[in-house]
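Trainee: Show me the folded form of this:
(one chain, ligands or ions: 2)
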Amino acid sequence: MINEKPGLMPVLPVEAYTSQAWFDQEQSAIFSKAWTFVGFPEDLPDTGDHVTVQAGLYCLIVIRGDDGTLRAFHNICRHRGARMLRPHGKSASAITCPYHDWTYDFKGNLKGIPDKEKEFPDIDMTCFGLHKASVALWRGMIFVHPEAEPPSIEDWFGPIEKHLGPHRPETMVEVAEMATETEIKANWKFVVENFLDAYHLAHLHSGTLSMYDHANAETGLFGDHFAFYEPLAPEYAEDIEKNAPSPLVDFGTGRMGVYAPMLFPNIGLSETEIAWSTFHVTPVRPDLTIVRTRTKFPNVPQSKYAKAERKSYGFWRNKVRGKYAGNPETDPMSSGNFMAEDVFACEQQQAALSSPFFAVGASADTGEKPVRDYQTVIERWMKAAD
Ligand code: FES
Ligand SMILES: [Fe+2]
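Mentor: Ligands and ions are numbered 1, 2, ... in the order given. Below is the predicted model of the structure:
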């Protein structure tokens with residue numbers, strides 16, 4: 001596809017990647033209306049465990065109640081509107097606002113007001129419960145929505161469901177040391193588009209992702225979510241039991257390979273032959289994004305991991321390398337790390353935007369179709385809010 005409008009992205013204007021006004025509009029038009037990823041249920045095992053999450057314009061609390069149920073509220077005190085809870089923590093017996101110590105139970109009911117008889121003799125406490133939001137579990141992940149009566153999460157994710165891998169993350173075990181948090185000096189949509197771009201895999205990642213068969217990648221748009229699947233490369237697949245660097249995920253009768261959906265608007269999954277990861281893209285500023293990843297592996301004895309590592313050593317020796325020769329410590333293109341390569345590419349694209357010569361001159365028919373489709377979806381959400 002040739003872009004007839006030089007200076008523009010295939011669909012969106014350049015301002016979509018640079019302007020604060022556009023960024024702010026996305027927060028209200030998209031992120032305030034979507035289901036937002038929070039984490040895993042095991043992050044909040046006990047009564048009173050909570051996290052706070054920014055969902056567009058809204059700061060929300062997810063807290064586990066005495067009855068074991070997760071509930072979500074707006075993190076806004078009903079007295080003078082202060083934010084009450086900090087990002088992670090445990091409340092002993094109530095949610096207490098630090099400003100004047102108004103307290104709420106874990107169901108959001110207002111339970112205590114200091115000096116109530118003197119200062120608020122006529123207040124009806126039943127009218128000042130926390131504003132309710134919504135929380136739901138879907139495929140081993142917690143999501144929140146700012147509305148008390150949102151579109152159901154089953155409807156929201158329904159279209160993509162059958163295009164996901166057979167992984168069951170709720171049965172897998174997270175390796176906490178593998179969690180990453182990366183600042184990327186690029187607009188969040190460049191990060192998502194890079195995730196969707198099948199065309200770059202064989203090129204930017206020529207030294208780092210050769211274990212997958214990029215020529216046979218399959219992509220598609222389902223609802224507003226994106227599906228991606230590609231098989232294992234033949235030389236890796238032919239003796240996968242021996243070649244896999246850690247124990248295999250049970251694919252049952254499903255096709256083995258890597259599923260990498262992007263759940264609209266900003267949560268990617270990487271569902272591979274050996275692991276399952278979340279890739280959570282958080283916009284910070286028009287030109288700054290944070291990506292947090294968390295990874296789970298099959299829940300099998302440690303000895304199987306050691307055995308897989310030993311058996312596969314020969315296959316992996318010299319297999320992963322940088323795209324260019326150079327210092328792997330200082331040059332992302334020599335690092336042999338595909339995430340570092342992606343970060344580099346996103347930042348290079350963002351840095352070029354200020355030049356009047358910047359243009360997306362052409363867009364690959366198949367490999368970059370998801371990028372165009374994604375921009376079209378974003379455009380529709382933005383127009384719907386006008
Ligand atoms: S603002 Fe929360 S107690 Fe006053
Ligand atoms: Fe990539």
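Trainee: Would you list the phi and psi of Phe226?
Mentor: Main-chain torsions, Phe226, degrees, to the nearest 10: phi -120, psi 130.
Trainee: tell me, how many neighbours does it end up with?
Mentor: Applying other Cβ atoms under 10 Å, we find 25 residues neighbouring Phe226. Quick note: C-beta positions are derived from backbone N, CA and C, even for glycine.
Trainee: next one: Phe40
Mentor: Phe40: 18 surrounding residues under other Cβ under 10 Å.
Trainee: in the sheet, who's paired with Thr219?
Mentor: When bridges are called by DSSP bridges, Thr219 pairs up with Phe228.
Trainee: surely it meets Leu201?
Mentor: No - here Thr219 does not reach Leu201: they are 11.1 Å apart, not a contact under Cβ atoms under 8 Å.
Trainee: show me the contacts for the residue nearest to Tyr324 when sequence neighbours are not counted.
Mentor: Leaving aside its sequence neighbours, Tyr324 sits nearest to Met333 (Cβ to Cβ, 6 or more residues apart in numbering; 4.8 Å). Going by Cβ atoms under 8 Å, 6 or more residues apart in numbering, Met333 touches Gly322, Lys323, Tyr324, Gly326, Glu341, Phe344.
Trainee: Swap in 10 Å and give it another go.
Mentor: Contacts for Met333 (Cβ atoms under 10 Å, 6 or more residues apart in numbering) come out as Leu204, Gly207, Gly322, Lys323, Tyr324, Ala325, Gly326, Ala340, Glu341, Phe344, Ala345.
Trainee: any residues in contact with both of Thr219 and Leu201?
Mentor: Phe228, Glu230, Gly367.
Trainee: with the residues you listed in mind, which one is nearest to ligand 1?
Mentor: Phe228 (45.3 Å; Cβ to the nearest ligand atom).
Trainee: can you count the residues close to the closest one?
Mentor: Residue neighbour count, defined by other Cβ under 10 Å, stands at 24 for Phe228.
Trainee: Test my guess that it contacts Leu263.
Mentor: No - using Cβ atoms under 10 Å, Phe228 is not in contact with Leu263; the gap is 11.6 Å.
Trainee: Now list whatever residues contact both of the two.
Mentor: In contact with both Phe228 and Leu263: Leu269, using Cβ under 10 Å, 6+ apart.
Trainee: residue ranges with poor pLDDT in this structure?
Mentor: 1-9 (pLDDT under 70).
Trainee: Grab the most central residue of it for me.
Mentor: By Cα atoms, centre = their mean, the chain has its centre lying nearest to His280, at 2.1 Å.
Trainee: May I have the phi/psi pair for it?
Mentor: Main-chain dihedrals, His280, degrees, to the nearest 10: phi -100, psi 120.
Trainee: Nearest spatial neighbour of it, chain-adjacent residues omitted?
Mentor: Nearest one to His280, counting by Cβ to Cβ, 6+ apart, is Arg292 at 4.7 Å.
Trainee: Check which residues of the helix or strand encompassing the one you found are buried.
Mentor: If you go by DSSP states H and E, Arg292 is part of strand 288-297. Residues of strand 288-297 classed as buried by neighbour count (16 or more other Cβ atoms under 10 Å): Thr289, Val291, Thr293, Arg294, Thr295, Lys296, Phe297.
Trainee: try stretch 204-219
Mentor: Leu204, His205, Gly207, Thr208, Leu209, Ser210, Met211, Tyr212, Asp213, His214, Ala217, Thr219.
Trainee: Pull the contacting residues for Cys59.
Mentor: Here Cys59 is in contact with Thr52, Val53, His74, Asn75, Ile76, Arg83, Met84, Leu85, Pro87, Ala133, Pro146 (criterion: Cβ under 10 Å, 6+ apart).
Trainee: Tell me which helix or strand comes right after the host helix or strand of it.
Mentor: Using DSSP H and E, Cys59 sits within strand 58-64. Using DSSP H and E, the helix or strand that directly follows strand 58-64 along the chain is strand 70-74.
Trainee: Quick one: the strands in the stretch 251-386 of the chain, in order.
Mentor: With DSSP state E, counting those that start in this stretch as the criterion, the stretch 251-386 of the chain has strands at 258-259, 262-263, 267-271, 276-285, 288-297.
Trainee: how about those, which one is nearest ligand 1?
Mentor: Proximity to ligand 1 (Cβ to the nearest ligand atom) singles out strand 276-285 among the strands of the stretch 251-386 of the chain, at 26.9 Å.
Trainee: quick check: angle from that closest one to strand 288-297?
Mentor: Angle, strand 276-285 to strand 288-297, by axes from the mean of the first three to the mean of the last three Cα atoms, to 10 degrees: 170 degrees.
Trainee: Return the list of helices and strands in contact with strand 276-285.
Mentor: Counting contacts by 3 or more Cβ pairs under 10 Å, 6 or more residues apart in numbering; DSSP states H and E, strand 276-285 packs against helix 20-26, strand 36-39, strand 173-174, strand 180-184, helix 188-196, strand 262-263, strand 267-271, strand 288-297.
Trainee: Give the pairing partners of the last one; include direction for each.
Mentor: The one in question is strand 288-297. strand 173-174 (antiparallel), strand 180-184 (antiparallel), strand 276-285 (antiparallel).
Trainee: Present the helices and strands packed on strand 276-285 as TSV; the columns should include distance to ligand 1.
Mentor: Converted to TSV, the helices and strands packed on strand 276-285 look like this (distance: least, Cβ to the nearest ligand atom, whole Å):
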stretch	distance to ligand 1
helix 20-26	26
strand 36-39	23
strand 173-174	35
strand 180-184	31
helix 188-196	32
strand 262-263	35
strand 267-271	32
strand 288-297	29
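Trainee: And Met339, how far from ligand 1?
Mentor: Counting by Cβ to the nearest ligand atom, to the nearest Å, the gap from Met339 to ligand 1 is 41 Å.
Trainee: show me the contacts for that residue.
Mentor: Counting by Cβ under 10 Å, 6+ apart, Met339 has contacts Thr180, Thr182, Ile184, Thr208, Phe279, Val291, Thr293, Pro332.
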